[in-house]
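K.L.:
Test case, fold it:
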Amino acid sequence: MFRNIPIITKNLLIINVLVYLAGVVLELRGVDLAALGGLHFFMASDFHVFQFFTYMFLHGSFTHLFFNMFALWMFGCVIEESWGRNRFLFYYIFCGVGAGLCQELVQYVSYASDGLAAYDYVSLQGYGRMPVAEYLNSWCTIGASGAVYAILLAFGMTYPDNRIFIFPLPVPIKAKWFVIGYAAIELFMALNSQGDGVAHIAHLGGMLFGFLLIRYWRQHPGNFDSSRAEAFFENMKRQFERRHKPASHVHAEPKRTATREDDMEYNARRKARQDEIDAILDKIRRSGYDSLTREEKQRLFEASREN
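P.N.:
Numbering: from 1, shown residues only. Below you'll find the predicted structure:
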């Protein structure tokens, strides 16, 4: 089963698991990998720009890792197959960075509203006084959740009417309602569960950046058009069904005039067109839609309209 996972989704799963295991081993040796690669508040001394990328490959617990990777596997496979590896990887990283930017913005609002710039120390219940500089360094975000929530959004926007089972609901629901419900829950938690240790704004930020990027691609169909992508894969289904239909028996007909194509010429031309489309569809399965040339994309689109 693992070999059937698309290449980018598979590598993301492997990298996240390996980084988590490395963090466990290093922690036994007194090294906190999350403190090095986690996303710190940009005004803290431990902040580095590269943390916008590294933070999304770190997780605080096995449960945190498992649920993120399960969602990535469940929905990422479908989106990568639909969009192609390059588009999918760019989307994943872009939304992960966007989620981090939203988290930084929320932290800055908290920093400014609490007036921390005017103090050298803060008082923490149960911890006594802590220098502000040390306190700001404790603001650290880790996890792939922002990028994963963006993948959930992508599935809901690409296949809005697909029905999925969500425990503990007894009946399947459409993907679009699933995504809207998840976003509403995250918004409610962000407003009412401050201090629970979960970066709810980062989750919403990933979805926001994903929504904006998909909208941009749809408004620039030369770059991406999900409706056209769906037409391509509908065409794949029709071609598959056609190839598996039994061939009709050849029967004799009266001799045609010289201005009409005979059966052999017509069938030869049709077979050549079918072979061309099959080759393009095989290329999509191997390397994704983005690997096609402009001519191949146009030919496939024309074929879908012919059928």
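K.L.:
From here on, just use CA atoms for contacts and neighbour counts.
P.N.:
Will do.
K.L.:
Check whether residue 116 really touches residue 132, as I assumed.
P.N.:
Yes. Counting by CA atoms under 8 Å, residue 116 does reach residue 132; the two are 7.2 Å apart.
K.L.:
quick one, which of these two is more surrounded?
P.N.:
With neighbours defined as other CA atoms under 10 Å, residue 116 and residue 132 compare such that residue 132 has more, 18 against 15.
K.L.:
I'd say the more buried one and residue 122 touch.
P.N.:
Yes. Contact criterion CA under 8 Å: residue 132 and residue 122 qualify, at 6.0 Å.
K.L.:
Which residue ranges of the stretch 151-300 of the chain form helices?
P.N.:
In the stretch 151-300 of the chain, the helices defined using DSSP state H, counting those that start in this stretch lie at 175-192, 200-219, 226-243, 263-287, 294-306.
K.L.:
count of residues packed around residue 19?
P.N.:
16.
K.L.:
Could you pull out the buried residues of the helix or strand it falls within?
P.N.:
Element membership of residue 19, judged by DSSP states H and E, is helix 7-28. Under the neighbour-count criterion of 16 or more other CA atoms under 10 Å, helix 7-28 has 7-10, 12-13, 16-17, 19-20, 23-24 buried.
K.L.:
CA atoms of that helix as CSV?
P.N.:
Extracted C-alpha coordinates of helix 7-28, given in CSV (Å, rounded to 0.1, in the frame of the first residue of the first chain):
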residue,chain,number,x,y,z
ILE,A,7,5.9,10.6,-4.3
ILE,A,8,5.5,14.0,-2.5
THR,A,9,3.0,12.8,0.0
LYS,A,10,5.1,9.8,0.7
ASN,A,11,8.3,11.9,1.2
LEU,A,12,6.4,14.3,3.5
LEU,A,13,5.2,11.4,5.6
ILE,A,14,8.8,9.9,5.8
ILE,A,15,10.4,13.3,6.7
ASN,A,16,7.9,14.1,9.4
VAL,A,17,8.4,10.6,11.0
LEU,A,18,12.2,10.7,10.8
VAL,A,19,12.3,14.2,12.3
TYR,A,20,10.1,13.1,15.1
LEU,A,21,12.3,10.1,15.9
ALA,A,22,15.4,12.3,15.7
GLY,A,23,13.8,14.7,18.2
VAL,A,24,13.1,11.8,20.6
VAL,A,25,16.7,10.6,20.3
LEU,A,26,18.2,14.0,20.7
GLU,A,27,16.0,14.8,23.7
LEU,A,28,17.6,11.9,25.5
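K.L.:
How far does it sit from its chain's centre?
P.N.:
Computed by CA atoms, centre = their mean, to the nearest Å, the separation of helix 7-28 from the middle of its chain amounts to 18 Å.
K.L.:
where does residue 18 land on pLDDT?
P.N.:
pLDDT for residue 18: 97.
K.L.:
can you pull the contacts of it?
P.N.:
With contact set as CA atoms under 8 Å, 6 or more residues apart in numbering, residue 18 has no partners.
K.L.:
Residue 44 - that's part of a strand, no?
P.N.:
No. Per DSSP: H, G, I helix; E, B strand; the rest coil, residue 44 lies outside any strand segment and is coil.
K.L.:
So which residue is dead centre in the protein?
P.N.:
residue 151 (3.2 Å; CA atoms, centre = their mean).
K.L.:
Is that residue in contact with residue 73, as I believe?
P.N.:
No. Proximity of residue 151 to residue 73 does not meet the contact threshold set by CA under 8 Å, at 10.1 Å.
K.L.:
who touches both of the two?
P.N.:
Common neighbours of residue 151 and residue 73 (criterion: CA under 8 Å, 6+ apart): none identified.
K.L.:
So residue 30: helix, strand or coil?
P.N.:
With three-state DSSP as the criterion, residue 30 reads coil.
K.L.:
so how far is residue 86 from it?
P.N.:
Distance from residue 30 to residue 86, counting by CA to CA, to the nearest Å: 38 Å.
K.L.:
what do you get for residue 166?
P.N.:
According to CA to CA, residue 166 and residue 86 sit 29 Å apart.
K.L.:
likewise residue 72?
P.N.:
Note on residue 72: its distance to residue 86, by CA to CA, is 16 Å.
K.L.:
In terms of neighbours, single out the busier of these two.
P.N.:
residue 72 (25 against 15).
K.L.:
which residues sit in contact with that one?
P.N.:
If you count contacts by CA under 8 Å, 6+ apart, residue 72 has them with 9, 13, 148, 151.
K.L.:
Report the angle between the helix or strand hosting it and helix 263-287.
P.N.:
In this assignment (DSSP H and E), residue 72 forms part of helix 62-83. On the basis of axes from the mean of the first three to the mean of the last three CA atoms, to 10 degrees, helix 62-83 is oriented at 150 degrees to helix 263-287.
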